[in-house]
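1. 3D model of this:
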Amino acid sequence: MSRMPARDKLVKSRVSMLLKYPFWGPLATRLKLEEVEWCNTIATDGRTFYYNADFISKLSDGEMIFGFAHELGHIIFEHMTRRGDRVPAVWNMAGDYIINNMLIREGVGTRITTVQILEDRKYEGMTANEVYDELMKNAVKIQMTLDDHLDMDGEGEEGEGDGDGDGAKDGKGKPKFKKLSEEERKALRDEWREAVIQSAKNAGAGNVPGDVNRIIKDITAPVMDLKDLLRIQFSGSVKSDYTWMRPNRKAWHTGAIMPGQLPGEELDIVVALDASGSIDDRMLMDFLGMVQGSLDQFTSYKVRVITFSTFVSAEDTFTGDDGRGMGEYQIGGSGGTDFGCVWHWMQENEIQPHQLVMFTDGYPYGTWGDPDYCDTLFVIHGSDTITAPFGITANYVEPAHKRH
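-> Got it, this is the predicted structure:
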């Protein structure tokens with residue numbers, strides 16, 4: 001019986017991931033598949049899943065799923081771009097301990113036994129930074145990791161690679177990859193943060209590892225610039241507007257039929273400002289300034305801004321080509337807080353935006369709204385303990401120079 005080609009095995013495993021692991025599957029399909037000679041097992045640079053065909057041929061479907069999730073773990077935890085001046089081999093070991101422990105604990109795929117992998121329950125609950133410090137303190141013996149690690153700092157074997165940054169090589173060792181600029185690092189990080197948030201939201205909390213949920217919480221916490229989070233969410237709104245009726249032929253080389261984007265789409269956002277007495281005009285205008293700043297990278301957008309209390313008021317629309325800024329918005333309304341009136345207003349006016357952004361103190365009178373109507377981002381002022389029952393929850397922290 002002939003052996004299934006490595007690429008076909010990889011494609012089959014990704015299809016299995018889509019069916020069995022709703023969080024991991026969509027993320028795995030983002031990686032282009034490429035067989036290379038320099039890779040002993042598997043590797044990734046955040047764009048491509050590199051593999052050794054002979055190694056892949058020895059894995060079961062479950063082990064292959066484990067391998068895919070392992071590479072995605074390095075991307076999600078940003079191991080490739082935050083090594084800093086740490087010892088590379090020890091940092092790689094720390095990352096593998098964290099990821100392998102998580103995958104085994106969560107039952108993702110089947111533990112790989114073809115090669116030795118790093119796992120130790122004593123590192124449960126620790127971060128890669130903490131495991132690294134522990135390994136360094138104990139002067140640990142360097143061990144091989146499951147995969148080849150690429151840190152995107154031009155790393156490669158001495159004298160190998162032609163320096164042109166495209167991954168080409170003259171010998172059999174790992175090539176020197178192009179060193180990412182700070183702008184490229186930020187773009188790669190934002191792209192994957194957006195993908196992780198969306199995949200987690202679609203998969204449901206019960207299908208997302210606790211370690212990943214903590215990462216998502218960090219992304220949406222006040223430590224992250226709220227303007228960056230808004231930009232990530234808006235970018236995801238545009239990129240998620242796909243149709244399976246028009247498959248993207250350019251993506252066929254990745255081994256999966258990907259959806260095609262609808263033509264002529266512009267970013268369509270509704271911003272709903274809670275006008276209850278706990279939020280003053282100054283804070284509302286500060287928040288609108290963040291929304292405006294997050295739209296700088298978009299050339300085509302429509303943002304409907306409304307104020308709401310127990311009813312919607314002060315409707316205004318801003319587009320990418322009207323020359324107006326949201327600083328011109330006139331806030332209206334006051335009194336109680338009925339979140340439901342926002343969804344009622346959208347339904348009455350036949351508005352179904354890519355994204356609803358609600359700025360509120362998080363104390364609705366009654367329901368939080370309709371979880372199935374559109375993607376929703378709740379930005380909560382005045383509390384870091386309130387979490388909306390659906391959508392994404394982020395916290396607003398008033399800039400220090402603007403506080404009383």
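2. Next one: the closest residue in space to residue 284 that isn't next to it in sequence relative to residue 235, how far apart?
-> What sits nearest to residue 284 in space, not counting adjacent residues and going by CB to CB, 6 or more residues apart in numbering, is residue 273, at 5.2 Å. (Glycine included, C-beta is placed from N, CA and C.) Distance, residue 273 to residue 235, using CB to CB, to the nearest Å: 22 Å.
3. all helices of the stretch 1-150 of the chain, in order?
-> 6-20, 24-28, 53-57, 61-76, 88-106, 128-137 (DSSP state H, counting those that start in this stretch).
4. Of those, which is nearest residue 348?
-> Each of those has some distance to residue 348 by CB to CB; the shortest is helix 24-28, at 33.7 Å.
5. Please name every helix or strand in contact with that closest one.
-> In terms of contacts (3 or more CB pairs under 8 Å, 6 or more residues apart in numbering; DSSP states H and E), helix 24-28 is packed against helix 6-20, helix 61-76, helix 182-203.
6. Need the winner for burial among those helices.
-> Mean neighbour count (mean count of other CB atoms under 10 Å) peaks for helix 61-76 among those, with a mean of 23.
7. so where do the helices sit in the stretch 301-404 of the chain?
-> Secondary structure of the stretch 301-404 of the chain by DSSP H, counting those that start in this stretch: the helices cover 340-348.
8. Show the residue spans covered by the strands in it.
-> With DSSP state E, counting those that start in this stretch as the criterion, the stretch 301-404 of the chain has strands at 301-308, 312-319, 355-360, 375-381, 392-396.
9. What pairs with the fourth one, parallel or antiparallel?
-> This means strand 375-381. In the sheet, strand 375-381 lines up against strand 355-360 (parallel), strand 392-396 (parallel) (DSSP bridges).
10. just to revisit the earlier point, same drill for residue 273 and residue 235, tell me which one is more crowded.
-> More neighbours surround residue 273 than the other of residue 273 and residue 235, with 25 against 18 (other CB atoms under 10 Å).
11. For the more buried one, give me the backbone phi and psi.
-> Note on residue 273: its backbone torsions stand at phi -110, psi 120 [degrees, to the nearest 10].
12. measure it to residue 137 for me?
-> For residue 273, the distance to residue 137 equals 51 Å [CB to CB].
13. Would you mind listing the outside residues contacting stretch 7-22?
-> Applying CB atoms under 8 Å, 6 or more residues apart in numbering, the contact partners of stretch 7-22 are 4, 24-26, 28-29, 33, 35, 49, 51, 53, 56-57, 59, 61, 64-65, 68-69, 108-109, 199, 202-204, 207, 255-256.
14. In ChimeraX, select just the buried ones from the residues you listed.
-> To isolate the buried members of those in ChimeraX, using 16 or more other CB atoms under 10 Å:
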select :24,25,26,28,29,33,49,51,56,59,64,65,68,69,108,109,199,203,255,256
